[in-house]
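# Below is the structure, and that's it, no one-letter string:
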Ligand code: HEM
Ligand code: SF4
Ligand code: FES
């Protein structure tokens, strides 16, 4: 099968460090295979930069198979590019056309400061997770999996929420830089299961508190996060979190 | 409680509750206004308005209503400011228009125009009726020949400029509600994947009811003026 390589113009955000002002730099990348992933295209560009003695572009990536959530790139105004339910590593160059100009920016949010170029600091997510605390389990031998009956619908909903990979696309795509889709997924995955009941009240109160302190915005239910989430986490989780939070406030 | 009220979710809850309370008020207001169509010289409308002014319950609700507007607007300004601060460096290319609805992103804009209209509206009807006493109740009007609320409304809505401002505001209110109504249930946590379709449909229905319902008044009085019938007295 013959593939015609594409020639692309890239406008990429370059920023030395957190204190640097930063600016867009334009690069030309030639003969890009449509079968490459977006990150592979960046590898080609970085090779090019290294060969000419320039500094390669810093960007986050790890698994390159859509499960780690590292590959944060805001591509042509869209988190992880134009496709639904994909991360940047799973975005293929066939989604673009020969001659396209592609603008690539880091996630923009007060709670996600830029470290370098396209790399942002997502420690605030870790803090939220940590503030959620632990799940109490009995020590000793592992319990028989079927000893705890869980309704199928709850198990499924919990599993869907647990699919969140903490990528931050929800924050990046939200006009308010709100982290509520992420936090609600993390609250939901435990709130729905019997194992999560002991700390249920404290968990939601603490996680929301940490979220607010990190400087994320307030959800206005525009729904952008759900559209851009690579794991297609549902807005229903946000409603569940709101419910959990109200109930927890009444209890405490 | 203060912890709740200053939290992101708490502020949103206040927004949703004040918004829904205002929605209830709109329904009540629409119900009263429908009396204007009766063509009975504004008799029923004047009486409905008059009895409300003299109901202690309504007077209390009125105070709550003013509070709800103040709280809704204050929270709107605070939340919108916080949300804008949460992204100090904006995107060069912003694709939110591809992932969300324009009205969901511009609630403060539509809200602000609605607020401007509420002020004009109060100045035109509430102030002369309830503060300066320029407009009087039905019995007093009968006795002294003073101007009734229905006459005041007819006069205002026959003015094409006022009618246009009224129509635009009502249209924007409808779009504010189209997003806001269903959004409030999501905020209050009374939502899931199944309900969300129902709330969205209810939201469209409510927005159309309010938009068409209130929009009908300026259109009716303007039509009356151009066709040449007496809008207030056609049934007499
Ligand atoms: C009759 C008048 C009004 C009604 C019935 C109304 C109703 C609502 C409702 C039901 C919501 C949804 C709340 C939620 O998402 O939880 C809302 C949101 C909003 N309203 Fe209003 N509103 C009115 C007037 C105003 C005014 C005067 C302003 C501002 C000056 C305003 C600004 C906003 C804003 C900014 C939001 C979005 C807040 C958020 O989602 O965080 N509204 N409104
Ligand atoms: S909710 Fe979706 S977009 Fe947000 S962090 Fe989780 S996987 Fe990423
Ligand atoms: S690199 Fe792991 S999800 Fe993209």
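Yep, that arrived. Model, not experiment: these values are computed from the prediction. Ligands and ions are numbered 1, 2, ... in the order given.
# C-alpha only now, for contacts and for neighbours.
OK.
# Could you check how far the closest residue to residue B:79 other than its chain neighbours is from ligand 2?
Closest residue to residue B:79 apart from its sequence neighbours, by Cα to Cα, 6 or more residues apart in numbering or on different chains: residue A:218 at 6.8 Å. According to Cα to the nearest ligand atom, to the nearest Å, residue A:218 and ligand 2 sit 15 Å apart.
# Just the element for residue 9, please.
Picked chain A for this. Assigned by DSSP states H and E, residue A:9 belongs to strand A:6-14.
# could you do chain B instead?
helix B:8-34.
# what angle sits between the next helix or strand after that helix and helix B:8-34?
Moving toward the C-terminus from helix B:8-34, the first helix or strand encountered (DSSP H and E) is helix B:43-53. Angle between the axes of helix B:43-53 and helix B:8-34 is 140 degrees (criterion: axes from the mean of the first three to the mean of the last three Cα atoms, to 10 degrees).
# what residues does the strand holding residue A:9 touch?
A:22-34, A:57, A:97-106, A:116-118 (Cα atoms under 8 Å, 6 or more residues apart in numbering or on different chains).
# That one pairs with which strands, and in what direction?
strand A:23-32 (antiparallel), strand A:101-105 (parallel) (DSSP bridges).
# just to revisit the earlier point, which of the contacts of strand A:6-14 are buried, as a ChimeraX select command?
To isolate the buried ones among the contacts of strand A:6-14 in ChimeraX, judged by 16 or more other Cα atoms under 10 Å in any protein chain shown, type:
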select /A:24,27,29,30,32,33,34,57,98,101,102,103,104,105,106,116,117,118
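# neighbours of the residue in the stretch 1-150 of chain A positioned nearest to ligand 2, just the number please.
Residue of the stretch 1-150 of chain A nearest ligand 2, by Cα to the nearest ligand atom: residue A:69 (6.7 Å). The tally of other residues near residue A:69 (other Cα atoms under 10 Å in any protein chain shown) stands at 23.
# Test my guess that it contacts residue A:163.
No. Here residue A:69 does not reach residue A:163: they are 10.8 Å apart, not a contact under Cα atoms under 8 Å.
# Show me the residue at the heart of chain B, geometrically.
Centre of chain B computed as the mean C-alpha position; nearest residue by Cα atoms, centre = their mean is residue B:26, 5.4 Å away.
# whoops, I mixed them up, chain A
Centroid-nearest residue in chain A: residue A:167, 1.8 Å away (criterion: Cα atoms, centre = their mean).
# that's a helix at it, yeah?
No. With DSSP: H, G, I helix; E, B strand; the rest coil as the criterion, residue A:167 is coil rather than part of a helix.
# and the gap between the residue of the stretch 1-150 of chain A closest to ligand 2 and residue A:87?
Distance, residue A:69 to residue A:87, using Cα to Cα, to the nearest Å: 7 Å.
# pull the longest helix from chain A.
Counting by DSSP state H, the longest helix found in chain A is helix A:236-251.
# got the angle for that helix vs helix B:8-34?
Angle of helix A:236-251 versus helix B:8-34, following the same axes, to 10 degrees, is 100 degrees.
# Tell me the buried residues in helix A:236-251?
Buried, per 16+ other Cα under 10 Å, within helix A:236-251: A:236-246, A:248-249.
# Turn those into a markdown table, including distance to residue A:111.
Formatted as a markdown table, the buried residues of helix A:236-251 follow (distance: Cα to Cα, whole Å):
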| residue | distance to residue A:111 |
| --- | --- |
| A:236 | 24 |
| A:237 | 21 |
| A:238 | 19 |
| A:239 | 23 |
| A:240 | 24 |
| A:241 | 20 |
| A:242 | 21 |
| A:243 | 25 |
| A:244 | 24 |
| A:245 | 22 |
| A:246 | 25 |
| A:248 | 25 |
| A:249 | 25 |
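# quick one: which of those residues is nearest ligand 3?
Using Cα to the nearest ligand atom, residue A:237 is the member of the buried residues of helix A:236-251 that lies nearest ligand 3, at 21.6 Å.
# Could you measure from the closest one over to residue A:243?
The gap separating residue A:237 from residue A:243 is 10 Å, by Cα to Cα.
# Specify the local secondary structure of residue A:178.
coil.
# just checking, it touches residue A:214?
No. Counting by Cα under 8 Å, residue A:178 stays clear of residue A:214, with 10.5 Å between them.
# neighbour count winner among those two?
The residue with more neighbours, out of residue A:178 and residue A:214 and counting by other Cα under 10 Å, is residue A:178; that gives 30 against 19.
# how far away is the nearest residue to that one once chain neighbours are set aside from residue B:79?
Excluding the flanking residues, the one nearest residue A:178 by Cα to Cα, 6+ apart is residue A:217, at 4.3 Å. To residue B:79, residue A:217 is 8 Å away according to Cα to Cα.
# Between the two, which has more neighbouring residues?
Higher neighbour count among residue A:217 and residue B:79: residue A:217, with 29 against 22, using other Cα under 10 Å.
# That one and residue B:2, how far apart?
Distance check for residue A:217 against residue B:2: by Cα to Cα, it reads 19 Å.
# Near ligand 2, which residues of chain B are found?
Neighbours of ligand 2 within chain B, by Cα under 6 Å from any ligand atom: none found.
# rewinding a little: quick check, the helix holding residue B:9 touching chain A?
Yes. Counting by Cα under 8 Å from any Cα of the partner chain, chain A is contacted by helix B:8-34 at B:8, B:9, B:12.
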